[in-house]
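# I'll drop the sequence and a predicted model, then ask my questions.
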Amino acid sequence: MIDLPDQVEDYLHKASRLIVGYLVFHQIRNLIIGKNLERICRGLYQSSTEKRFGADVNGSLNIISSSVPKAFS
């Protein structure tokens with residue numbers, strides 16, 4: 001059996017959490033996603049490098065950065 005801690009996600013909304021965080025987190029995020037983030041439609045984002053990704057990627061980065069603050073350092 002695997003024990004997982006509960007993670008409160010009520011404040012993780014849209015792309016706002018990607019803007020707030022640690023410098024290293026931003027550097028990794030910029031490598032993966034790009035600097036500018038545009039919502040194409042519900043659940044789909046496009047970066048400044050024209051890469052498209054789903055909202056689940058955004059949510060995953062948000063949860064990792066909030067639950068494990070040193071994950072990207």
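Ah, there it is. Numbers count the residues shown, from 1 in each chain.
# contact partners for L44?
R52, F53, G54, A55 (CB atoms under 8 Å, 6 or more residues apart in numbering). (Glycine included, C-beta is placed from N, CA and C.)
# and the pLDDT at it?
Predicted confidence (pLDDT) for L44: 84.
# just the buried subset of the contacts of L44, please.
Among those, the ones that count as buried by 16 or more other CB atoms under 10 Å are F53.
# tell me which of the contacts of L44 fall in helices.
A55 (DSSP state H).
# how about the contacts of L44 in CSV, adding pLDDT and distance to L61?
Shown next, in CSV, are the contacts of L44 (pLDDT from 0 to 100; distance: CB to CB, whole Å):
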residue, pLDDT, distance to L61
R52, 82, 15
F53, 79, 10
G54, 84, 12
A55, 80, 11
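# can you lay out the contacts of L44 as JSON lines showing distance to L44?
As requested, these are exported to JSON lines (distance: CB to CB, whole Å):
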{"residue": "R52", "distance to L44": "6"}
{"residue": "F53", "distance to L44": "8"}
{"residue": "G54", "distance to L44": "6"}
{"residue": "A55", "distance to L44": "7"}
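# between the contacts of L44, which is nearest D3?
A55 (27.2 Å; CB to CB).
# excluding its backbone neighbours, what's nearest the closest one?
Using CB to CB, 6 or more residues apart in numbering and skipping residues adjacent in sequence, the residue nearest A55 is G43, 4.4 Å away.
# so what's the residue count around the one you found?
When neighbours are counted by other CB atoms under 10 Å, G43 registers 11.
# is it true that it touches R52?
No: using CB atoms under 8 Å, G43 is not in contact with R52, being 10.8 Å away.
# of all the contacts of L44, which two lie farthest apart?
Spanning the widest gap among the contacts of L44 are R52 and A55, at 11.2 Å by CB to CB.
# give me the common contacts of those two.
Listed as contacting both R52 and A55 by CB under 8 Å, 6+ apart are L44, Y45.
# lovely, talk soon.
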